[in-house]
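Quick one: sequence plus predicted model below, questions after.
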Amino acid sequence: MESKESDAKDLLSIVAPAYNEEAGLDKFYSRLIGAVKDIDINLEIIYVNDGSQDSTLEIMSKQHEKDSRITIIDLSRNFGKEIALTAGLDHASGDAVVVIDTDLQDPPELISQLVEKWNQGFDVVNAKRTKRNGESAFKKITSYIYYRFLYQMSDIKIPKDTGDFRLLSRNALDALLELREKHRYMKGLFAWVGYSQTEITYERDQRYAGETKWNFLGLVDLAFEGLTSFSVLPLRLASLLGFVTAFLGLAFAVIIIIKKIMFGDPVAGYPSIVVLITFIGGIQLLALGIIGEYLGRVFNETKNRPLYLIKDIKPSDYLSGLDE
Ligand code: UDP
Ligand code: MG
């Protein structure tokens, strides 16, 4: 509390979630420090250990012993990146905060550009990927399509090809922290808060070490999360589908009746019935599934559990200065 007043420099908080990142964490730290040393700003690093099973926490702790600008938030288990990020953001004391992956796919060297835009008065500076190195063609294509699909479907415009790497001003961060929903699609929430947003572009690097934590099902889940958190259009599509099917059914009935009365055709039997039952059954299940996706989320929100649990905090100088 004492030193804060006299220090006129702004404080930049770096929020970095890590899950089993032992192989790259020291490299991350050294590149980060190298990248920000020429920026005229004070630095705070907030590591979130998202229930790693390897030595990630030990490596963080070693860095923490040497560098009093580091805070470590050790979560009680693996909560997933979106929640880990939230835990880090909750504990950021900076005038601005940068969210960055610890696998060095988001180059720390770009932070100076993010800060520059912030100094120009922007509240949110997104880092947009122009190229993704070292990722499978399948992931590139599906994510390309997904981002555009989501953009069309959602009520707010979630920037395309933009990950979580970005800078938020204190204003934007405070606004974001008001959103306590359990299903957190961070990219959407960042966009939802609004404020003056801008972007810089970069080529996304390969992972420095280790492997991506996302498998196919995890990505599908995230995709649904984005869709259901920011759009109710699928529900409307379900009603539309029901409406169209009912209309087709009616038209079919009229055709059958007319055929019977005018031409005395016998009613077609088994095959047509099976086709109709399976078709309509399928549509019903689809509509139920869509409702279920939303209902499950409502269920999770109403349980009102805390977003995350913290096992331990090792505070930086900045955080210990706060009376929490
Ligand atoms: N991460 C995390 N919790 C998780 C999964 C990932 O904190 O459950 C972190 C991970 O350590 C990394 C970042 O989130 O710093 C991005 O993860 P990853 O590289 O696996 O995702 P990708 O870059 O492939 O989208
Ligand atoms: Mg990565």
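Alright, I've got the coordinates. Ligands and ions are numbered 1, 2, ... in the order given.

Write out the residues of this structure neighbouring ligand 1.
Of all the residues in the chain, those in contact range of ligand 1 (CB under 6 Å from any ligand atom) are 17-19, 21, 50, 78, 80-81, 84, 101-103, 105, 212-214. All C-beta spots, glycine's among them, are computed from the backbone N, C-alpha and C.

Widest-spaced pair of these?
N78 and Q105 (19.3 Å; CB to CB).

More neighbours: these two, which one.
Per other CB atoms under 10 Å, whichever of N78 and Q105 has more neighbours is Q105, with 21 against 16.

does that one sit in a helix, a strand or a coil?
State at Q105, reduced to three classes by DSSP: H, G, I helix; E, B strand; the rest coil: coil.

Confirm for me that it is in contact with G210.
No - if you go by CB atoms under 8 Å, Q105 and G210 don't touch, sitting 10.7 Å apart.

wait, is V98 part of a strand?
Yes - with three-state DSSP as the criterion, V98 is part of a strand.

what's the distance between it and L11?
When CB to CB, to the nearest Å is applied, the distance between V98 and L11 equals 12 Å.

which of those two has more neighbours?
Counted by other CB under 10 Å, V98 and L11 do not tie: V98 has more neighbours, with 26 against 19.

mind checking how far that one is from E22?
Distance check for V98 against E22: by CB to CB, it reads 23 Å.

how close does the closest residue to D90 other than its chain neighbours get to I83?
Distances taken as CB to CB, 6 or more residues apart in numbering put L177 closest to D90, at 6.4 Å, once the chain neighbours are dropped. From L177 over to I83 the distance is 13 Å, taken as CB to CB.

picking that back up, so the residue nearest to D90 touches G88, yeah?
No - in this structure, L177 is not within contact of G88 by CB under 8 Å, at 11.2 Å.

which of those two has more neighbours?
Each of L177 and G88 has its neighbours counted (other CB under 10 Å); G88 has more, 24 against 15.

is it true that the more buried one lies in a helix?
Yes - the assignment for G88, made by three-state DSSP, places it in a helix.

Quick check: chain neighbours aside, which residue is closest to it?
Spatial nearest neighbour of G88, chain neighbours left out: V15 (3.7 Å); criterion: CB to CB, 6+ apart.

Which helix or strand lies directly C-terminal to the helix or strand encompassing L248?
Using DSSP states H and E, L248 maps to helix 233-258. If you walk from helix 233-258 toward the C-terminus, the next helix or strand you reach (DSSP H and E) is helix 270-302.

same for that next one, what does it pack against?
helix 216-230, helix 233-258 (3 or more CB pairs under 8 Å, 6 or more residues apart in numbering; DSSP states H and E).

Could you find the closest non-adjacent residue to S68?
Closest residue to S68 apart from its sequence neighbours, by CB to CB, 6+ apart: D317 at 4.7 Å.

how deep is the one you found tucked in, by neighbour count?
Applying other CB under 10 Å, we find 14 residues neighbouring D317.

what's the answer for I39, then?
Applying the criterion other CB under 10 Å, we find 17 residues in the vicinity of I39.

what kind of secondary structure is it in?
For I39, the secondary structure call by three-state DSSP comes out as coil.

swap in R148?
Applying three-state DSSP to R148 yields a three-state assignment of helix.

Surely it and D161 touch.
No - contact criterion CB under 8 Å: R148 and D161 do not qualify, at 9.2 Å.

can you give me phi and psi for R184?
In terms of degrees, to the nearest 10, the main-chain angles of R184 are phi -110, psi 100.
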